[in-house]
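In: no letters, just coordinates:
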């Protein structure tokens, strides 16, 4: 894939040739929205200053003005433009861009064991997306549901599998473990993600019934000592891996330190997949 961008006649033109690019995975080409002169000037300033050492070795502006088979510059440019469209200040954009670049190029990895919950997506996928969650965290459920959709039906189908881990051992987490024992983890968490209020025990039982688990079965399974031990082991692993908040995402064991929205996680996973092709 060859990527080139220029400013022509005061309008930002992003040319993407022969293949997938930033924007092909549903992110959208936000640079097309830079129709304000000040935003274009801010983009130019940031792109001249920010260095893309991996696969380019030049400034973002120079990388985008040259031909490369690497999509990282275009993805970073697209991210920059998205923040400009969102009216972020240049200093904050540089900080967020640095975080994203570090996330997408880090060589440091941790070990995230699978097997706590049924994984989603291709079992032979080249990329593993691991997300530590808490069942009481609204953002966790949003990320889990969104990434499930991407690896089963979206742009990551056949490219990645999704692994969910626990940071806590609360009642909702035990319900998730119990649902998994009944082969209902994904239906259960997807139903749970639609709940707009804090889950009570009654809510958990009602969701169980909706996916085919009786209240008595769910309660008995939640109380099983081996499931409590699994939840504690997952929390211990999370702490060893430096997890302090939920959701925390790892892509092939690399800590993902950027926007925790399925759109942008998917963008980073797409790049990881490309590197392994």
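Out: On my side now, so go ahead. The structure presented is a predicted model; accordingly, all values stated were derived computationally and were not measured. Residues are numbered from 1 along each chain as shown.

In: what about residue 158, neighbour count?
Out: 13 (other Cβ atoms under 10 Å). Yep, even glycine has a C-beta here, placed from its N, CA and C like the rest.

In: what's the burial count for the nearest residue to it once chain neighbours are set aside?
Out: Nearest non-adjacent residue to residue 158, counting by Cβ to Cβ, 6 or more residues apart in numbering: residue 122, 5.1 Å away. Residue 122 is flanked by 16 other residues according to other Cβ under 10 Å.

In: hmm, residue 122 is touching residue 151, no?
Out: Yes - look at residue 122 against residue 151 with Cβ atoms under 8 Å: they come within range, at 7.5 Å.

In: find residues that contact each of these two.
Out: Listed contacts common to residue 122 and residue 151 are 157, 159, 160, 161; contacts here mean Cβ atoms under 8 Å, 6 or more residues apart in numbering.

In: could you list the low-pLDDT ranges of the stretch 1-150 of the chain?
Out: Counting by pLDDT under 70, the stretch 1-150 of the chain contains low-confidence ranges at 1-28.

In: in it, which spans are strands?
Out: With DSSP state E, counting those that start in this stretch as the criterion, the stretch 1-150 of the chain has strands at 2-8, 11-17, 51-52, 58-59, 120-121, 127-133.

In: may I see the buried residues of stretch 241-249?
Out: Within stretch 241-249, the residues that qualify as buried by neighbour count (16 or more other Cβ atoms under 10 Å) are 241, 243, 246, 247, 248, 249.

In: make a markdown table from these and add distance to residue 200 and pLDDT to it.
Out: Compiled in a markdown table, these are given as follows (distance: Cβ to Cβ, whole Å; pLDDT from 0 to 100):
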| residue | distance to residue 200 | pLDDT |
| --- | --- | --- |
| 241 | 31 | 97 |
| 243 | 26 | 97 |
| 246 | 20 | 97 |
| 247 | 22 | 98 |
| 248 | 26 | 98 |
| 249 | 28 | 98 |
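
In: helices - which of the residues you listed land there?
Out: Among these, none falls in helices (DSSP state H).

In: out of the residues you listed, which is nearest to residue 78?
Out: Proximity of the buried residues of stretch 241-249 to residue 78 was ranked by Cβ to Cβ; the top entry is residue 249 with 19.3 Å.

In: okay, buried residues for stretch 34-54 please.
Out: By neighbour count on 16+ other Cβ under 10 Å, the buried set for stretch 34-54 is 34, 39, 40, 42, 43, 46, 47, 50, 52.

In: other residues contacting stretch 93-110?
Out: Applying Cβ under 8 Å, 6+ apart, the external contacts of stretch 93-110 come out as 42, 46, 49-50, 52-54, 72, 75-76, 79-80, 83-84, 88, 240-242, 250-259, 264, 268, 271-272.

In: of those residues, keep whichever come out buried.
Out: Neighbour-count burial (16+ other Cβ under 10 Å) is assigned, among these, to 42, 46, 50, 52, 72, 75-76, 79-80, 83-84, 88, 241, 250-252, 254-259, 264, 268, 271-272.

In: quick one, what contacts the residue lying closest to residue 39 once chain neighbours are set aside?
Out: Sequence neighbours aside, residue 84 is the residue nearest to residue 39 in space, at 4.8 Å (criterion: Cβ to Cβ, 6+ apart). Going by Cβ under 8 Å, 6+ apart, residue 84 touches 30, 34, 39, 42, 43, 93.

In: let's see it at 7 Å
Out: Shown in contact with residue 84 (Cβ atoms under 7 Å, 6 or more residues apart in numbering): 34, 39, 42, 43, 93.

In: ok, residue 139 next?
Out: Neighbouring residues of residue 139 by Cβ under 7 Å, 6+ apart: 247, 260.

In: and the closest residue to residue 176 other than its chain neighbours, how far from residue 235?
Out: Spatial nearest neighbour of residue 176, chain neighbours left out: residue 135 (5.4 Å); criterion: Cβ to Cβ, 6+ apart. When distances are taken as Cβ to Cβ, to the nearest Å, residue 135 and residue 235 turn out to be 13 Å apart.
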